[in-house]
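[1] Requesting a structural model of the entry that follows:
(chains A, B, C and D)
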2 protein chains.
Amino acid sequence: MSVDRDQVLRAAAALLSRKSTATMDEVARAAGIGRATLHRHFAGREALVRALEELGIREFEAALDAARLDDGTAEEALRRLVAGVEPVAGLLSFLVTENQLFEGEVNEGWSRLDARVSALFRRGQERGEFRFDLTPAWLTEALYGLVGTCAWAVQDGRVAGKDFQYMIVELLLGGARRSVEK
Amino acid sequence: MSVDRDQVLRAAAALLSRKSTATMDEVARAAGIGRATLHRHFAGREALVRALEELGIREFEAALDAARLDDGTAEEALRRLVAGVEPVAGLLSFLVTENQLFEGEVNEGWSRLDARVSALFRRGQERGEFRFDLTPAWLTEALYGLVGTCAWAVQDGRVAGKDFQYMIVELLLGGARRSVEK
DNA sequence: TTCATATGAGACATTTTTGTCTCATGGGGG
DNA sequence: CCCCCATGAGACAAAAATGTCTCATATGAA
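    Numbering: from 1, shown residues only, chains lettered A, B, ... in the order given. Predicted coordinates:
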């Protein structure tokens, strides 16, 4: 009977990250509820977006914690991170887009998480695992971009869902080039 | 005195690819013209979007032609493509987003261009340059994603403009991992 | 200089979206 | 079994965006 708030937010993120012009009515239908109910749970569109941000940050932070970015090799940590991020891809994608908007001041919570991802890549560089000519900032952005892209590709059936982690990590770490050692 | 149509479209793409909820008024101001003038040149928002798609397809096609995707190694061709795509990154990014929208039927022109990029990656695989475990479809999507991501990162100052091509091609081809031969 | 014309600003009507409300319904807990 | 209460549907008003129009102005060409 009662609506699952998080499930609604997930559906909203999945829709809004692809079509940010979607109306409240479209969001409600995408979540399988009535517009009135959507308004009962979120005061308005802005409140919905803020709730989306909060949940996204919370879940992304949990994924970062669970990935234990400081343990083992950076590559292993990255693999754990991508695995943990998969179920949150829609929210993360929304979060990235939202924080790319120049106008709105960047969410403090977001930049903290951003820094943790960046630190992972820096650690990989310092360990000699990752290249130095690709900056941590760029690798961070690229990771977000690939996660969003792959999530879309999976939804549209261009990439098999089971390949999500593999496609992202392999491309990000190894690249498309067939190197001699492979 | 007279407005440069293409320049307006470029400004619109740059804005709309980041904030697709932007108002016609915001688009007009971003292009440095009045709202009335924007309406004089494009019958409405839908007409603007269609014009954006047309220009994007035209320019992307020109970039594909100029890159001579069938000449030399696939890697060289990809480098030429990314170089040629740089000035059109905003339009391309808009185009990708627009054609990811499930609802609207995919633009025929777009899928033709999409197939050309895909064919480049397939050629690379057949030549033994690229890995087989990353599908051409995924590499294509990833290229679009990285181009959009990098264009944003440059605009926000997180990546230096002069590194645009390098960051994209190196990541896409070589990946972040420091391989033995480097 | 003079004229034709494209422009910006802004008023205005229309349409779309948003936000609020009521009411009937149905599922779940007591 | 019955009642409570969250829900969906839809009516409605308010707000926002869109599209059209007029008019004064400025630019570029003749």
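[2] Help me confirm that residue A:37 is found in a helix?
    Yes: under DSSP: H, G, I helix; E, B strand; the rest coil, residue A:37 falls within a helix.
[3] what separates it from DNA strand C, distance-wise?
    Separation of residue A:37 from DNA strand C (Cβ to the nearest atom of the strand, to the nearest Å): 9 Å. All C-beta spots, glycine's among them, are computed from the backbone N, C-alpha and C.
[4] worst-scoring helix or strand of chain A, pLDDT-wise?
    helix A:89-100 (a mean of 90; mean pLDDT, DSSP states H and E).
[5] Show me what that helix is packed against.
    On a contact count with 3 or more Cβ pairs under 8 Å, 6 or more residues apart in numbering or on different chains; DSSP states H and E, helix A:89-100 meets helix A:5-16, helix A:45-67, helix A:136-155.
[6] The shortest one to helix A:89-100, inter-axis angle?
    In terms of direction (axes from the mean of the first three to the mean of the last three Cα atoms, to 10 degrees), helix A:5-16 departs from helix A:89-100 by 60 degrees.
[7] still on that earlier bit, what lies in contact with the least confident helix or strand of chain A?
    For helix A:89-100, contacts defined as Cβ atoms under 8 Å, 6 or more residues apart in numbering or on different chains pick out A:9-10, A:13-14, A:16-17, A:20, A:49, A:52-53, A:55-57, A:59-60, A:85, A:104, A:106-107, A:110, A:144-145, A:147-148, A:150-152, A:164, B:18, B:152, B:156.
[8] Can you give me the buried ones in the helix or strand that that helix is followed by?
    For helix A:89-100, the following helix or strand on the C-terminal side (DSSP states H and E) is helix A:108-126. If you call a residue buried by 16 or more other Cβ atoms under 10 Å in any protein chain shown, then helix A:108-126 has these buried ones: A:109-110, A:113-114, A:116-118, A:120-125.
[9] Likewise for stretch A:154-168?
    A:154-155, A:158-159, A:163-168.
[10] for stretch A:25-39, same thing?
    A:26-31, A:33, A:38.
[11] What's the ChimeraX line that selects buried ones from the contacts of helix A:89-100?
    The ChimeraX selection below is limited to those of the contacts of helix A:89-100 classed as buried (16+ other Cβ under 10 Å):
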select /A:9,10,13,14,16,17,20,49,52,53,55,56,57,59,60,85,107,110,144,145,147,148,150,151,152,164 /B:18,152
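[12] and the contacts of helix A:89-100 near DNA strand C, which?
    Filtering those for proximity to DNA strand C (criterion: Cβ under 7 Å from any atom of the strand) leaves nothing.
[13] just to revisit the earlier point, which of the buried residues of helix A:108-126 come close to chain B?
    Among the buried residues of helix A:108-126, proximity to chain B is found for A:121, A:124 (Cβ under 8 Å from any Cβ of the partner chain).
[14] Just the pLDDT at the closest residue in space to residue A:127 that isn't next to it in sequence, thanks.
    Closest residue to residue A:127 apart from its sequence neighbours, by Cβ to Cβ, 6 or more residues apart in numbering or on different chains: residue A:74 at 5.9 Å. Looking at residue A:74, its pLDDT is 98.
[15] Lovely, talk soon.
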